[in-house]
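**Student:** Here's a sequence, model it:
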Amino acid sequence: MICSKCESPLDSRRATLGFNKCVKCSDIKKYSSHTVYPHKTGGYIQPVSSEQSDHLKKLDRRRVGSGRVAKGIFADNSWDRWLESYYKNIYSKPRKIKLSKKFRKKFSHMKTKTLYQKVVKTFIEYGYHRAVDEVNELYSKDKISLPQKGKMVSNLADLQMMTSKEKFSTSCINLPIISDGIYYGWSSISPLIYYILLGVLAPIMLNLMHLIVGLYVVTQRGNVMSLGFTGISFLTKTVAMLFLTWLGIGFLGLVVAIFIPLLTFFWFFTHIVEAFVIQHYMKENVPKQLQRMQI
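**Tutor:** The predicted model follows:
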């Protein structure tokens, strides 16, 4: 059997493998190999074509026989260069770098109080998501710092999770201050003020108003009309006490064990004072002859 290209005798072994060209005329490249490492040691040879071998050498970090350039202190003498620069600078003072005022960046972040007022106003008018978007926008424009952003988002989340009742009963109650159409921010009101206003001042003012009206009735209309007003005042005081109880406990969420004793004590004390004062003026209206007849 002869070669199909040069017509020279063809080896019988190539003909058995299915080749019709001799070794010199054949365009098939010889097989290559690739070393495979399944772990640190114990590599084995995998027969592959030359093209596959070149491709695997590019992918394998442990390849051998490639044209890779060594890196590090041995290849580019980086250690020698570092040592040379070290001895060169060890005895010389480091040069101070002076920045020109033109290139100095001035950070003018918004004050936390101003930020809180602005964002909370947006929260009141447009809701939680709009307020968070405004905080993110201010941060992207470098008008606030990262800690300011985190605290503000946390405060907005706390406000969003609160109910209307909890907003009044927490240790720091925030109420919007708006005067003449100008928003001045939120003021922090302690619950102690509500205990004083509703538990102390409210019952005192209630009985004081009844006392003033009662004095007018007893001095101008007489004792009979005063007794009638006293009966009516029991109804008005009952309605007022029920309203104050609902306002303090049901709406503002004040502590029952603190608010109710304060409310009842000051109401009862001022009610007794009112009774003695009215009784004194009622005795003044009794004629002296009748007073002498009394035992």
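**Student:** Which positions in stretch 142-156 come out as buried?
**Tutor:** Applying a neighbour-count criterion of 16 or more other CB atoms under 10 Å, the buried positions in stretch 142-156 are 144, 148, 149, 151, 152, 153, 155, 156. For the C-beta atoms, the positions are set from N, CA and C on the backbone; glycine is no exception.
**Student:** just checking, which of these belong to helices?
**Tutor:** 148, 149, 151, 152, 153, 155, 156 (DSSP state H).
**Student:** correct me, but the fourth one touches residue 134?
**Tutor:** Right, the one you point to is residue 152. No: using CB atoms under 8 Å, residue 152 is not in contact with residue 134; the gap is 9.4 Å.
**Student:** what residues are shared contacts of these two?
**Tutor:** residue 119 (CB atoms under 8 Å, 6 or more residues apart in numbering).
**Student:** Do you have the helices of the stretch 1-150 of the chain handy? List them.
**Tutor:** Here the stretch 1-150 of the chain has its helices, by DSSP state H, counting those that start in this stretch, at 12-17, 50-59, 78-89, 112-126, 128-140, 146-161.
**Student:** Quick one: mean pLDDT over the first one.
**Tutor:** Mean pLDDT, taken over the full extent of helix 12-17, equals 80.
**Student:** Contacts for it next, please.
**Tutor:** So helix 12-17 is in contact with 1, 21, 22, 23, going by CB under 8 Å, 6+ apart.
**Student:** Present the ones in helices among the buried residues of stretch 142-156 as CSV; the columns should include pLDDT and distance to residue 111.
**Tutor:** Formatted as CSV, the entries for those read as follows, by pLDDT from 0 to 100; distance: CB to CB, whole Å:
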residue, pLDDT, distance to residue 111
148, 90, 9
149, 91, 14
151, 90, 13
152, 90, 12
153, 91, 17
155, 87, 15
156, 88, 18
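**Student:** Nearest to residue 249, out of the residues you listed: which one, please.
**Tutor:** Ranked by distance to residue 249 (CB to CB), these are led by residue 155 at 27.3 Å.
**Student:** The closest one contacts residue 112, correct?
**Tutor:** No: Residue 155 is beyond contact range of residue 112, at 10.4 Å (criterion: CB under 8 Å).
**Student:** coming back round to it: please list only the buried members of the contacts of helix 12-17.
**Tutor:** Applying 16+ other CB under 10 Å to the contacts of helix 12-17 flags 21, 22 as buried.
**Student:** Check which residues of stretch 6-23 are buried.
**Tutor:** Under the neighbour-count criterion of 16+ other CB under 10 Å, stretch 6-23 has 10, 14, 19, 21, 22 buried.
**Student:** Dump the helices of the stretch 1-150 of the chain to TSV, plus distance to residue 243.
**Tutor:** Rendered in TSV, the data for the helices of the stretch 1-150 of the chain read as follows (distance: least, CB to CB, whole Å):
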stretch	distance to residue 243
helix 12-17	109
helix 50-59	83
helix 78-89	83
helix 112-126	27
helix 128-140	33
helix 146-161	28
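**Student:** Looking at those, which is nearest to residue 233?
**Tutor:** Proximity to residue 233 (CB to CB) singles out helix 112-126 among the helices of the stretch 1-150 of the chain, at 41.2 Å.
**Student:** elements contacting that closest one?
**Tutor:** Counting by 3 or more CB pairs under 8 Å, 6 or more residues apart in numbering; DSSP states H and E, the packing neighbours recorded for helix 112-126 are helix 128-140, helix 146-161, strand 173-179, strand 182-189.
**Student:** mind redoing it with 6 Å?
**Tutor:** Helices and strands touching helix 112-126, by 3 or more CB pairs under 6 Å, 6 or more residues apart in numbering; DSSP states H and E, are helix 128-140, strand 182-189.
**Student:** domain assignment for this structure?
**Tutor:** 1-29, 31-62, 112-189, 192-293 (automatic domain parsing).
**Student:** Just send those domains back as CSV, with distance to residue 81 too.
**Tutor:** Putting those into CSV (distance: least, CB to CB, whole Å) gives the following:
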stretch, distance to residue 81
domain 1-29, 44
domain 31-62, 27
domain 112-189, 39
domain 192-293, 72
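**Student:** need the least confident one among the helices and strands packed on helix 112-126, by mean pLDDT.
**Tutor:** With a mean of 40, strand 182-189 has the lowest mean pLDDT of these.
**Student:** ok, the nearest residue to residue 240 once chain neighbours are set aside to residue 257 distance?
**Tutor:** Sequence neighbours aside, residue 206 is the residue nearest to residue 240 in space, at 5.2 Å (criterion: CB to CB, 6 or more residues apart in numbering). Separation of residue 206 from residue 257 (CB to CB, to the nearest Å): 22 Å.
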